[in-house]
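[1] Sequence first, then the predicted structure, then my questions.
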Amino acid sequence: MPEPTRRPPWQIDDKLGGWPIWSLVEQRATIQIECDSCPHFAQWTPADLDRKFRKARGDTFARIAPKLRCTRCRSNWVRVSLAKGSFLAS
């Protein structure tokens, strides 16, 4: 199936786009990554975020998203959002 070309391969929830990774870890936010190419999804806890992005803690998901890929099918067509039950303080 051809991949759509009208949007970037990744989509970020509006609430997450400008938040630095360290802020998400401090607020104990859980992130959900969903693949558009296959039915795979993953949830990253604050500990996972800290471990995966320790060197890029000052970066936002807008800078990291182009590097994200599905661990099952290796597609870069992914969506990043807050997991249900997670919230960010304003």
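    Received, thanks. Numbers count the residues shown, from 1 in each chain.
[2] Compute the distance between residue 81 and residue 55, please.
    Residue 81 sits 24 Å away from residue 55, going by CB to CB, to the nearest Å. Every C-beta, even on glycine, is put in place using the N, C-alpha and C of the backbone.
[3] So which residues of this structure form helices?
    Here the chain has its helices, by DSSP state H, at 21-26, 46-52, 61-64.
[4] buried residues in the last one?
    Spelled out, that is helix 61-64. 61, 64 (16 or more other CB atoms under 10 Å).
[5] now the most centrally placed residue in the chain, which residues is it bridged with?
    Closest to where the C-alpha atoms of the chain average out (CA atoms, centre = their mean) is residue 80, at 3.6 Å. In this entry, residue 80 is beta-bridged to residue 12, residue 33, by DSSP bridges.
[6] show me what contacts the nearest residue to residue 28 once chain neighbours are set aside?
    Nearest non-adjacent residue to residue 28, counting by CB to CB, 6 or more residues apart in numbering: residue 46, 5.0 Å away. Applying CB atoms under 8 Å, 6 or more residues apart in numbering to residue 46 gives the contacts 24, 25, 28, 29, 30.
[7] Taking those, tell me the two that lie furthest apart.
    Checked with CB to CB, these reach their widest spread between 25 and 30, with 10.7 Å between them.
[8] and residue 53, how many neighbours does it have?
    19 (other CB atoms under 10 Å).
[9] wait, residue 28
    Neighbour number of residue 28 under other CB under 10 Å is 12.
[10] quick one, phi psi at it?
    Dihedral pair for residue 28: phi 60, psi 40, per degrees, to the nearest 10.
[11] Local confidence estimate at it?
    What the model reports for residue 28 is a pLDDT of 92.
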